[in-house]
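Chemist: model the following, please.
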Amino acid sequence: MSHQFDMLSTLRRPRLLITAARYKLASYRRERDLPRLLGMSRPGPHGRCLGRLMLIEAGINQARLTGSATYSIARHIEILAAMMHESTARIPVSA
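Modeler: Numbers count the residues shown, from 1 in each chain. From the prediction side, this is the model:
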């Protein structure tokens, strides 16, 4: 999982995009939003979801950079907000 956090620390996106994602984070609810974003019925463990979100975000960012007509800034913001939440969520420590 630390590999994912290392990748997050090197992620570079436009400031306006990150600011918008931070605002979206205030209304983000994992139980409601994550299944829709990942296309699954129940969210899995935080680390696994973060990895999937990072893969989705990489594809969305590539669409942004190439000027693809399929790029959705709203979806990009939602995915970034989910990544922010998943990266800061408390991960249970097993006894």
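Chemist: okay, now Thr70: neighbour count?
Modeler: Residues near Thr70, counting by other C-beta atoms under 10 Å, number 9. The way it works is simple: take the backbone N, C-alpha and C, and place the C-beta from them, glycine included.
Chemist: now the chain, which segments are flagged as low pLDDT?
Modeler: Along the chain, segments meeting pLDDT under 70 span 1-9, 89-95.
Chemist: what segments of it are helices?
Modeler: 2-9, 15-25, 30-38, 46-66, 73-88 (DSSP state H).
Chemist: for the fourth one, buried residues please.
Modeler: In other words, helix 46-66. For helix 46-66, the buried set under the neighbour-count rule, 16 or more other C-beta atoms under 10 Å, comprises 46, 49-54, 56-57, 60-61, 63-64.
Chemist: please name the nearest non-neighbouring residue to the residue nearest in space to the middle of the chain.
Modeler: Nearest to the mean C-alpha position of the chain, by C-alpha atoms, centre = their mean, lies Met83 at 2.8 Å. Of all residues not flanking Met83 in the chain, Leu53 sits nearest, at 4.8 Å (C-beta to C-beta, 6 or more residues apart in numbering).
Chemist: now do Ser72
Modeler: Spatial nearest neighbour of Ser72, chain neighbours left out: Ile60 (7.5 Å); criterion: C-beta to C-beta, 6+ apart.
Chemist: quick one: stretch 23-43 to chain centroid distance?
Modeler: 10 Å (C-alpha atoms, centre = their mean, to the nearest Å).
Chemist: ok, now stretch 73-82?
Modeler: 7 Å.
Chemist: what do you get for stretch 54-63?
Modeler: Distance, centroid of stretch 54-63 to centroid of chain: 10 Å (C-alpha atoms, centre = their mean).
Chemist: go on, stretch 11-18?
Modeler: For stretch 11-18, the distance to the chain centre is 13 Å (C-alpha atoms, centre = their mean).
Chemist: same check on stretch 35-45?
Modeler: The answer for stretch 35-45 is 12 Å, by C-alpha atoms, centre = their mean.
Chemist: gap between the residue nearest to the centre of the chain and Gly67?
Modeler: For Met83, the distance to Gly67 equals 23 Å [C-beta to C-beta, to the nearest Å].
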